[in-house]
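Peer 1: Let's see this in three dimensions:
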Amino acid sequence: MRSPATRLLFATVLVATLGAFIATQRLKGGFPLVLRFATQPVAFSPNGDGVRDTATVGFDLTRDAVVSFRVIDAEGREVRELVPFRRLPGDVRYRFRWDGRDDDGRRVPDGIYRLRVIARDEGRVVDSIKELVVDTKPPAVHLVAAKPALAAPGEPVTVRYAGPANRSPEFFVFRSDHSGRAHRVARFRGHGRTGVWDGRVGERPAPPGHYAFTVRVRDRAGNERLAPARAPTAQIARAGTGVTVTRLAVTGPVVAVRPGTRVRFAVAPTGAREGAYRVSLRRAGSAGTLRRFRAAGSFFRLRVPVSARTGLYVVTVQRGRVRASWPLAVEGTVRGGGERRLLVVVPLSSWQAANPADGDSDGFVETIGPRGGTVSLARPFARIASEAGRVGTLVRLLERARFTIDIATDVELERGRWLAAGRSVAGAIGPSIVVAGSLGYAGAVTRAAIRRHVAAGGAIAFLGRDSLHRSCAIVGERLECGERRPADVFGALTSLRRYAPAPLAVQSDTLGVFRRVDRLVGLFDRFEVTRKLPTGARTLSVAAAPDGATALVAYRYGRGLIVQAGVDGWLAQLVPRSFRDDVRHVTISLAGVLTAR
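Peer 2: The predicted structure follows:
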């Protein structure tokens, strides 16, 4: 039981505590001087571009007071006094415009800022919790994708970007030409981070060609970014962000197939409006059709006839009057022995190196020039029927001359398909070789195998110009090449020249390859002249360019035999009655020399 003194002390403490509590509540219940701070917008960019260059800031004053209004940085340092000390009436909303500059007129650094009100009479400083962001850095924006990569004229294309979402981002459409330059042809608005191009230029469906995109985006502070640039270029465009507008395209295998094989081909575009298409198969250089059927969808399978002979074939897809083709090498059953047997190499890599197509869907065509470059081997061909037809003519010519033909693409050589480890030099290529054109973009495996082939006593003829002067590699489906070098893989120094159309003039012929012709062969305007043969080479037959420089040359290199036609257009003049029969006669003679080894 508590004593009277204890009870008195307890009552006194209780009364004092209750009084303090009531006083505290009165203070808490007092109305604040500043009811709220205001910032609009919460971020701005005082960079002078006319968009969100200033911010509206202010406060709501609840009663009359002598106050000053200032902007402070994240460290609490005052950077701008917007209102010097003066008496302001209460119960009023005060708003001011801040241009992002300090008291000396300099633009403040990017960062977070707050607002401050100082009440002089009360000796109070009130800082805002609300932040105001000064941001003059353009946002990070890049295009992500344009789908589909192959579109029909007038087919919508969806373009997406990564970066700040905008209510209506602005997209621009550029058509690129073969020089890599782009010019603007259309614009459209999107929503969020996506836009849909209606596939039209003006009032008409976009004509076939290659198209790239640029997007204009602003961040919350009003900073603008044009991505990838005001006008895109092949150097900065991202893969997968362009579109090829085409009426029809087809792609297929890059290696030879066997008769009876079911081969898969891809077709585009295949939207609902495009419908079915017709497929045909014919042997290159021949008029007859071996197979014909109808198909639909993004791919079809074609069964190569069991009776198909070795050679190059052309698969054609047709919708209405529009056609697209793909070359298909077929390796049939070889009949007969090894005598007069030739491996015809289809230079698919060289065709793709010059093919004006967009393989990585960046909106720009890719070709490999003198300084090198990278292309996809699986790109649709813009034009291939004539090239394939010339190879087909070569194969038929050799067949009629009773040569046994094997066929392979240079992609197969690079993958080791024709390397014969059992020869005297392991890894050399088996039969004598005829390259049906230029082997200008051979990979490292192929170059090494050809060197071993010649070192083992093999023979090879290049029926084109500019072969084996580049260091290339096939990585997956992509061909990557360096710049052209003056010396080829054997060490022969050559250069490329143009002349007025003129024939080759025979100068010497130890091999007898010109025995069925007079002193002139064909008619050409682009030559590869040989300035110096490899050390130890022995010249056998020569035909010269118009100025007397060596063009067509056959020489012995070690135990092997190398023939360089040294001209463009050799195969084009194999067509009967194209000009004269001398190129055909020389070709057959060359094949005989190669197989007589």
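
Peer 1: Ends of stretch 51-63, what's the gap?
Peer 2: This stretch, stretch 51-63, spans 36 Å end to end (CA to CA, to the nearest Å).

Peer 1: State whether residue 389 is indeed within a helix.
Peer 2: Yes: looking at residue 389 with DSSP: H, G, I helix; E, B strand; the rest coil, it is inside a helix.

Peer 1: That one against residue 285, yeah?
Peer 2: Yes: between residue 389 and residue 285 there is a contact at 5.4 Å, judged by CB atoms under 8 Å. All C-beta atoms are positioned from the backbone trio N, CA, C, and that covers glycine.

Peer 1: How is this structure divided into domains?
Peer 2: Annotated domains of the chain cover 34-134, 142-245, 250-333, 334-595 [automatic domain parsing].

Peer 1: average pLDDT for the last one?
Peer 2: Averaged across domain 334-595, the pLDDT comes to 90.

Peer 1: Now do that domain: distance to the chain's middle.
Peer 2: 28 Å (CA atoms, centre = their mean, to the nearest Å).

Peer 1: Now the closest residue to residue 516 other than its chain neighbours. Its backbone dihedrals?
Peer 2: The shortest distance from residue 516 to any non-neighbouring residue, by CB to CB, 6 or more residues apart in numbering, is to residue 585 (4.0 Å). When quoted as degrees, to the nearest 10, the phi and psi of residue 585 stand at phi -60, psi -40.

Peer 1: do residue 592 as well
Peer 2: phi -70, psi -40.

Peer 1: if I pick it, what's in contact with it?
Peer 2: 340, 401 (CB atoms under 8 Å, 6 or more residues apart in numbering).

Peer 1: ditto for residue 40
Peer 2: If you count contacts by CB under 8 Å, 6+ apart, residue 40 has them with 55, 56, 57.

Peer 1: Swap in 10 Å and give it another go.
Peer 2: The contact partners of residue 40, by CB atoms under 10 Å, 6 or more residues apart in numbering, come to 55, 56, 57, 58, 95, 132.

Peer 1: From those, list just the buried residues.
Peer 2: Buried by 16 or more other CB atoms under 10 Å: 55, 57, 58, 132, out of the contacts of residue 40.

Peer 1: shared neighbours of residue 389 and residue 285, anything?
Peer 2: 312, 314, 575.

Peer 1: any idea of the mean pLDDT in the helix or strand containing the first one?
Peer 2: Spelled out, that is residue 312. Per DSSP states H and E, residue 312 falls inside strand 311-319. Mean pLDDT, strand 311-319: 96.

Peer 1: what's the burial count for the closest residue in space to residue 45 that isn't next to it in sequence?
Peer 2: Counting by CB to CB, 6+ apart, residue 45 lies nearest to residue 221, which is 4.3 Å off, once chain neighbours are set aside. As a burial measure, residue 221 scores 24 neighbours (other CB atoms under 10 Å).

Peer 1: Report pLDDT for residue 221.
Peer 2: So, for residue 221, pLDDT stands at 95.

Peer 1: dump the residue contacts of it.
Peer 2: By CB under 10 Å, 6+ apart, residue 221 lies in contact with 41-47, 51-52, 55, 110, 133-139, 164.

Peer 1: now residue 550
Peer 2: By CB under 10 Å, 6+ apart, residue 550 lies in contact with 494, 507-508, 527-533, 539, 542-544, 564, 566.

Peer 1: Extract the residue ranges of the stretch 51-200 of the chain that are flagged as low pLDDT.
Peer 2: Counting by pLDDT under 70, the ranges of the stretch 51-200 of the chain that qualify are 178.

Peer 1: quick one, strands of it?
Peer 2: 55-61, 65-73, 78-88, 92-98, 111-119, 124-127, 132-134, 142-147, 150-151, 157-162, 170-176, 182-189, 194-197, 200-201 (DSSP state E, counting those that start in this stretch).

Peer 1: Between the ones you listed, which one is closest to residue 411.
Peer 2: strand 150-151 (22.4 Å; CB to CB).

Peer 1: Quick one: list the elements packing against that closest one.
Peer 2: Judged by 3 or more CB pairs under 10 Å, 6 or more residues apart in numbering; DSSP states H and E, the packing partners of strand 150-151 are strand 243-245, strand 262-268.

Peer 1: Name the residues that touch that strand?
Peer 2: 157, 197, 199, 205-206, 208, 211, 243-246, 248-249, 251, 266-271, 298, 358, 361, 380.

Peer 1: at 8 Å what do you get?
Peer 2: By CB under 8 Å, 6+ apart, the list of residues contacting strand 150-151 reads 157, 199, 243, 244, 245, 246, 249, 268, 269, 380.

Peer 1: As a markdown table, the helices and strands packed on strand 150-151 with mean pLDDT would be great.
Peer 2: Shown next, in a markdown table, are the helices and strands packed on strand 150-151 (pLDDT from 0 to 100):
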| stretch | mean pLDDT |
| --- | --- |
| strand 243-245 | 96 |
| strand 262-268 | 96 |
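
Peer 1: Most tightly packed of those?
Peer 2: Using mean count of other CB atoms under 10 Å, the stretch among those with the greatest mean number of neighbours is strand 243-245 (a mean of 25).

Peer 1: From the contact counts, what lies against that strand?
Peer 2: Under the contact criterion of 3 or more CB pairs under 8 Å, 6 or more residues apart in numbering; DSSP states H and E, strand 243-245 touches strand 150-151, strand 209-218.

Peer 1: wait, residue 411 sits on residue 255?
Peer 2: Yes: shown here, residue 411 and residue 255 form a contact pair, counting by CB under 8 Å, at 5.8 Å.

Peer 1: Compare those two and say which is more crowded by neighbours.
Peer 2: Neighbours per residue (other CB under 10 Å) separate residue 411 from residue 255, with residue 411 holding more: 25 against 16.

Peer 1: before we move on, back to that, what's the closest of the helices and strands packed on strand 150-151 to residue 348?
Peer 2: With CB to CB, the closest approach to residue 348 among those belongs to strand 262-268: 15.2 Å.

Peer 1: Next SSE downstream of that closest one?
Peer 2: Following strand 262-268 toward the C-terminus (DSSP H and E): strand 277-283.

Peer 1: Which residue, other than its chain neighbours, is closest to the residue positioned nearest the centre of the chain?
Peer 2: Taking CA atoms, centre = their mean, the centroid of the chain lies closest to residue 360, which sits 3.3 Å from it. Once flanking residues are discounted, residue 360 sits nearest to residue 239: 4.0 Å by CB to CB, 6+ apart.

Peer 1: Could you report the separation of that neighbour from residue 359?
Peer 2: Distance of residue 239 to residue 359, computed by CB to CB, to the nearest Å: 9 Å.

Peer 1: more crowded one of the two?
Peer 2: residue 359 (22 against 13).

Peer 1: Show the contacting residues for the more buried one.
Peer 2: By CB under 8 Å, 6+ apart, the neighbours of residue 359 are 366, 375, 376, 378, 379, 478.

Peer 1: Could you identify the buried members of those?
Peer 2: If we count by 16+ other CB under 10 Å, those have these buried: 366, 375, 376, 379, 478.

Peer 1: Does the fourth one belong to a helix, a strand or coil?
Peer 2: Using three-state DSSP, the three-state assignment for residue 379 comes out as coil.

Peer 1: any idea how far it is from residue 208?
Peer 2: From residue 379 to residue 208 the distance is 15 Å (CB to CB).

Peer 1: now the first one
Peer 2: Taking CB to CB as the criterion, residue 366 is separated from residue 208 by 17 Å.
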